[in-house]
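Asks: Coordinates for the following, if possible.
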Amino acid sequence: MSVRYYLYISDAKVDMLLSQIDASWARKRVTEFGLDLKVASAKRSVEAAGTDRVARLERVVRHLEDHADLGDVDDPGQYVHGVLPMQWGVLGDGDAVYFGGRTERTIVGLGGSTSHLLSTVTAQPLTENRLSPSLPPVLIEHLAHATEDGAPYPGALATVMRANGVLRGPAQTVEFVAKRMLHGPCPYPELVPRNDMTVLLASPLYVALVD
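Replies: Presented below is the predicted three-dimensional model:
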């Protein structure tokens with residue numbers, strides 16, 4: 001993978017996938033050489049692989065590229081890779097972050113927990129009453145409240161489409177790999193330039209700025 005400026009990395013998704021892809025990654029041996037005044041000695045220690053979140057992410061993305069159902073925005077598989085301009089912001093009480101954009105054929109939304117933003121100082125713990133915004137029903141509820149009247153629109157894809165319409169701020173070109181959550185025909189074909197447009201909602205493994 002090339003050098004990236006990461007905005008968002010979902011360690012939870014990466015760890016879940018990595019444990020299935022390569023169990024040996026969970027522990028790696030490192031040889032440390034110690035030298036005291038009298039004796040040179042070699043000692044082994046075990047490092048947790050979790051110390052390098054980018055290396056873990058890269059391992060998972062390589063596996064998805066080589067072996068998984070990884071599609072693009074206009075033809076998504078179980079996972080989606082994309083590069084496109086997107087607006088983004090924090091929703092509601094700060095639990096969820098949302099990225100919205102579009103291609104000529106697809107309206108795209110990416111959503112997840114703000115705890116995965118790399119600029120996050122402290123993550124709020126999830127409780128029984130604070131489920132992760134990476135879950136589709138929770139994210140849809142956040143998107144509904146982000147719209148002007150705070151009410152869900154008929155159907156989840158309609159809510160995604162309307163939520164994209166209320167995003168503010170400049171669009172930044174980003175690259176991402178995400179898990180597909182919802183995908184289907186645009187519920188408002190009369191409002192878009194072509195009648196075969198679709199709507200895609202996904203939860204990202206990572207989002208990175210592209211120069």
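Asks: I'd like to know how far Ala12 sits from Gly184.
Replies: To Gly184, Ala12 is 26 Å away according to CB to CB, to the nearest Å. Where C-beta positions appear, they are placed from N, C-alpha and C, glycine not excepted.
Asks: ugh, wrong one, Ala96
Replies: 22 Å.
Asks: Looking only at neighbour counts, state which of the two leads.
Replies: Ala96 (23 against 13; other CB atoms under 10 Å).
Asks: Output the helix ranked longest in the chain as PDB - backbone C-alpha positions only.
Replies: With secondary structure taken from DSSP state H, the chain has its longest helix at helix 53-67. The C-alpha coordinates for helix 53-67 follow below in PDB (Å, rounded to 0.1, in the frame of the first residue of the first chain):
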ATOM      1  CA  ARG A  53      -2.600  -0.500  13.700                       C
ATOM      2  CA  VAL A  54      -1.600   0.500  10.200                       C
ATOM      3  CA  ALA A  55       0.400  -2.800   9.600                       C
ATOM      4  CA  ARG A  56      -2.700  -4.800  10.800                       C
ATOM      5  CA  LEU A  57      -4.900  -2.800   8.400                       C
ATOM      6  CA  GLU A  58      -2.600  -3.300   5.500                       C
ATOM      7  CA  ARG A  59      -2.500  -7.000   6.100                       C
ATOM      8  CA  VAL A  60      -6.300  -7.100   6.000                       C
ATOM      9  CA  VAL A  61      -6.700  -4.900   2.900                       C
ATOM     10  CA  ARG A  62      -4.100  -7.100   1.000                       C
ATOM     11  CA  HIS A  63      -6.200 -10.100   1.800                       C
ATOM     12  CA  LEU A  64      -9.400  -8.500   0.700                       C
ATOM     13  CA  GLU A  65      -7.700  -7.400  -2.600                       C
ATOM     14  CA  ASP A  66      -6.400 -10.900  -3.200                       C
ATOM     15  CA  HIS A  67      -9.100 -13.200  -1.900                       C
END
